[in-house]
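Visitor: how does the following fold in three dimensions:
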Amino acid sequence: MIRKIISLALVFFAGALAGCGAARSSKFYQLTIPSDVTPSSEPNPYPVTLVLGPVSSSHLYREDHVAYSSDGQSMGVYEYQRWAEPPTEMIADVLLRELRMSGRYRAVYRSGSNVRGDYLLRGHLYDFKEVSGTALVGRVTFELELRDTKTGTIVWTQFYTHDEPVSKKDISAVTAALDRNVQLAMTQFKAGLDKYFSTHPSINSAVAR
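Guide: Predicted structure coming up:
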């Protein structure tokens, strides 16, 4: 009887050790951020200073786990598949770099840099996840608003939502689709801001001078 108890204890201990040895390591992914090269040379940039505020979102996208959902309401996160930084921070970094590299503005700063700026640009992230259903996609839903710091008035907003197809059932393919989706969003946001400032009378007159 004692021998049997000892044998069972050894089996349990060996199983516990095997479980510890088989612990999975996390994999990390990141968005493509424009390289640190010389900004585009614009002969007449808009004479405005933009300040980029933090991107707000639910707690889900302020953490680093890759999120998923079905066509229904259920959502979850992958335990071992993570972003290098929370999505809100990565998207803010991409937006900041894209606007700076465009060369369309006198200056672009991040909030907290002791620069008031002419306009405050703020974003809210609604979706940044894998969605499975009839097709597997990477969904990004994001909204930007531009506030005139002198008047406190919101002068421009743009809403973006898009499902980017995922090439295969694989987390690397999912994160690649989300990355492409963010790049597409940045292209549309830059075009939207450019359209606003190009049709703003007081800004146009200042550029003309």
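
Visitor: pretty sure Lys27 contacts Ala84?
Guide: No - counting by CB atoms under 8 Å, Ala84 is not a contact partner of Lys27; they are 10.5 Å apart. For glycine as for every other residue, the C-beta is placed from the backbone atoms N, C-alpha and C.

Visitor: how far off centre is the longest helix along the chain?
Guide: The longest helix of the chain (DSSP state H) is helix 171-198. Remark: helix 171-198 is offset 10 Å from the chain centroid, using CA atoms, centre = their mean, to the nearest Å.

Visitor: in that helix, which residues are buried?
Guide: Neighbour counts using 16 or more other CB atoms under 10 Å place 171, 173-182, 185-186, 189-190, 192-193, 196-197 of helix 171-198 among the buried residues.

Visitor: for the residue nearest the centre of the chain, grab phi and psi.
Guide: With distances taken as CA atoms, centre = their mean, Ile91 lies nearest the centre of the chain, 3.0 Å away. Backbone torsions of Ile91, given as degrees, to the nearest 10, read phi -70, psi -40.

Visitor: who's in contact with the residue lying closest to it once chain neighbours are set aside?
Guide: Closest residue in space to Ile91, ignoring its immediate chain neighbours: Val55 at 5.5 Å, by CB to CB, 6 or more residues apart in numbering. Listed by CB atoms under 8 Å, 6 or more residues apart in numbering, the contact set of Val55 reads 88-89, 91-92, 95, 122-125.

Visitor: buried among these? Make that a ChimeraX selection.
Guide: Here is the ChimeraX command that picks out the buried ones among the contacts of Val55, judged by 16+ other CB under 10 Å:
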select :88,89,91,92,95,122,123,125
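
Visitor: okay, now the nearest residue to Ser111 once chain neighbours are set aside: neighbour count?
Guide: Spatial nearest neighbour of Ser111, chain neighbours left out: Gly53 (4.6 Å); criterion: CB to CB, 6+ apart. Gly53 is flanked by 16 other residues according to other CB atoms under 10 Å.

Visitor: looking at Gly53 now. What's its pLDDT?
Guide: Here the pLDDT value assigned to Gly53 is 95.

Visitor: so how far is Ser172 from Val131?
Guide: Applying CB to CB, to the nearest Å, the value for Val131 to Ser172 is 17 Å.

Visitor: er, Ser57 I mean
Guide: Ser57 is 23 Å from Ser172, by CB to CB.

Visitor: hang on, the earlier thing: from the contacts of Val55, which land in strands?
Guide: Residues of the contacts of Val55 located in strands (DSSP state E): 122-125.

Visitor: any idea which of those residues is closest to Arg147?
Guide: In terms of CB to CB, no member of the ones in strands among the contacts of Val55 lies closer to Arg147 than Arg122, at 7.0 Å.

Visitor: wait, what's in contact with the residue lying closest to the closest one once chain neighbours are set aside?
Guide: Excluding its sequence neighbours, the residue lying closest to Arg122 (CB to CB, 6+ apart) is Gly53, at 4.2 Å. Shown in contact with Gly53 (CB under 8 Å, 6+ apart): 111, 120-123.

Visitor: quickly find the element holding Gly53.
Guide: Assigned by DSSP states H and E, Gly53 belongs to strand 46-57.
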